[in-house]
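Colleague: please work out how this folds:
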Amino acid sequence: MRKRERIRSLVSLGKRAGYGLFAIAIAVFFWGFATGFEDWMVTLVAATMAVGSALLAPAIVFGYGIGAAERDERERPITRR
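Modeller: A predicted model of the protein is given here:
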């Protein structure tokens, strides 16, 4: 259980960071769209999308794994030896 809670906190951190980076990328993209793109804007959008994806993808997968493990524990009766 302790290990699962640690993974859950890392999943939460990964999701917040990933979605936050996506929000930055979207904001800079529309800013550049409205004012004319500069080189640093394009670089920032590409970098935040790449890093955001690298953080978000495993966080989502591990989040589903934690949910499946908890669902499995609720559905299966506990057997003791």
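Colleague: please count neighbours and contacts with C-alpha atoms only from this point.
Modeller: Will do.
Colleague: okay, buried residues for the helix or strand hosting residue 14 please.
Modeller: In the assignment (DSSP states H and E), residue 14 maps to helix 2-35. Neighbour-count burial for helix 2-35 flags 7-8, 11-12, 14-19, 21-25, 28-29, 32 (criterion: 16 or more other C-alpha atoms under 10 Å).
Colleague: mean confidence (pLDDT) on that helix, please.
Modeller: Per-region confidence: helix 2-35 scores 95 on mean pLDDT.
Colleague: which elements pack onto it?
Modeller: For helix 2-35, the packing partners by 3 or more C-alpha pairs under 8 Å, 6 or more residues apart in numbering; DSSP states H and E come out as helix 39-75.
Colleague: the helix it packs on versus helix 2-35: what angle between them?
Modeller: For helix 39-75 against helix 2-35, the angle by axes from the mean of the first three to the mean of the last three C-alpha atoms, to 10 degrees is 150 degrees.
Colleague: list the buried residues for helix 39-75?
Modeller: 41, 45, 48-50, 52-53, 55-56, 59, 63, 66.
Colleague: let me know the closest of the residues you listed to residue 73.
Modeller: Lowest distance from residue 73 to the buried residues of helix 39-75 (C-alpha to C-alpha) belongs to residue 66, with 10.7 Å.
Colleague: and the gap between residue 16 and residue 22?
Modeller: The gap separating residue 16 from residue 22 is 10 Å, by C-alpha to C-alpha, to the nearest Å.
Colleague: try residue 68
Modeller: From residue 68 to residue 22 the distance is 27 Å (C-alpha to C-alpha).
Colleague: now do residue 39
Modeller: Noted for residue 39: a distance of 19 Å to residue 22, by C-alpha to C-alpha.
Colleague: again with residue 53
Modeller: Distance from residue 53 to residue 22, by C-alpha to C-alpha: 8 Å.
Colleague: contacts for stretch 24-44, please.
Modeller: 45-46, 48-49 (C-alpha atoms under 8 Å, 6 or more residues apart in numbering).
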